[in-house]
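Student: coords please:
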Amino acid sequence: MYQLKILVVEDDIFIAQDIKECLESHDYHVTDIAYHFEDALACLAKDLPDLVLLDIHLGQGPDGISLAEQLQTDYQIPFVYLTSYADRATLERVKPTRPLAYILKPFSEKDLFANIELAMYKYAERYQPPTWQADYINQKLSTDFTPKEIEVLQGIFAGKTNRQLCEQHFISTNTIKTHVRRIYSKLQVNSRPEAMAFLRQSL
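Tutor: Numbering: from 1, shown residues only. Got it, this is the predicted structure:
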């Protein structure tokens, strides 16, 4: 079963471990913990995550905002800030990096989970495979999709609700739910964010 892979970038070892335990309790896979800028680059070189949880203050050297800029230009990996900084000057620096979420410490486990799911949902809507043709998709994956499943998958990635998919395809809600279950089963995922992350790595 595919798990979302998350890199934690946090300079406080105790907070980093708390974040790791919280993520793993929600069945996310923590690829690594990085405590400073160069450490994060080394982690990225070993294993590209689906999402980066990013503190702004990383001790000496480049900060988390500098790392966010590099994530955008060199890796195209989505990220969420998890920080105690909320002053105007910091927020003005953060805005151009276009984070998917901005979580303030101290955070609750529910806040962290909700923001990660919503962030990956938003990113799924932005990301589109190079082509939605069934032959192309099926060549890249181990399990074939039917043409209708490809169409439904494309609608899911476009952010359409089940009701909108029903109207688009002129089929019942139960039929759409069946298609969605089969798509997730073939990808071995449980949610839209996991499907997006899996396809992003596969296509």
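Student: shouldn't residue 43 be in contact with residue 35?
Tutor: No. Residue 43 is beyond contact range of residue 35, at 10.0 Å (criterion: CB atoms under 8 Å). Yep, even glycine has a C-beta here, placed from its N, CA and C like the rest.
Student: What is the helix or strand where residue 82 lies packed up against?
Tutor: Element membership for residue 82, per DSSP states H and E: strand 79-83. Applying 3 or more CB pairs under 8 Å, 6 or more residues apart in numbering; DSSP states H and E, one finds that strand 79-83 makes contact with strand 51-54, helix 64-70, strand 102-104, helix 109-126.
Student: phi, psi of residue 84?
Tutor: The phi and psi values for residue 84, taken as degrees, to the nearest 10, are phi -100, psi 0.
Student: Run through the residues that contact the closest residue to it other than its chain neighbours.
Tutor: In space, and not counting its chain neighbours, residue 84 is closest to residue 105: 4.3 Å by CB to CB, 6 or more residues apart in numbering. Residue 105 makes contact with 15, 82-84 under the criterion CB atoms under 8 Å, 6 or more residues apart in numbering.
Student: top of these by neighbour count?
Tutor: Ranked by the number of neighbours (other CB atoms under 10 Å), the contacts of residue 105 place residue 82 first, at 27 neighbours.
Student: That one reaches residue 53, doesn't it?
Tutor: Yes. If you go by CB under 8 Å, residue 82 and residue 53 touch, sitting 5.0 Å apart.
Student: Quick check: closest non-adjacent residue to the residue nearest to the spatial centre of the chain.
Tutor: Ranked by distance to the mean C-alpha position of the chain (CA atoms, centre = their mean), the top residue is residue 120 at 3.8 Å. Once flanking residues are discounted, residue 120 sits nearest to residue 193: 3.2 Å by CB to CB, 6+ apart.
Student: Run the chain-centre distance for the helix or strand encompassing that neighbour.
Tutor: Following DSSP H and E, the helix or strand that holds residue 193 is helix 192-202. Chain-centre distance of helix 192-202: 8 Å, with CA atoms, centre = their mean, to the nearest Å.
Student: returning to that earlier point: note down every partner strand of the strand holding residue 82 and its orientation.
Tutor: Paired with strand 79-83 in the same sheet, following DSSP bridges, are strand 51-54 (parallel), strand 102-104 (parallel).
Student: so how many other residues sit close to the residue nearest to residue 120?
Tutor: Around residue 193 there are 22 residues (other CB under 10 Å).
Student: next one: residue 129
Tutor: Neighbours of residue 129 using other CB under 10 Å come to 17.
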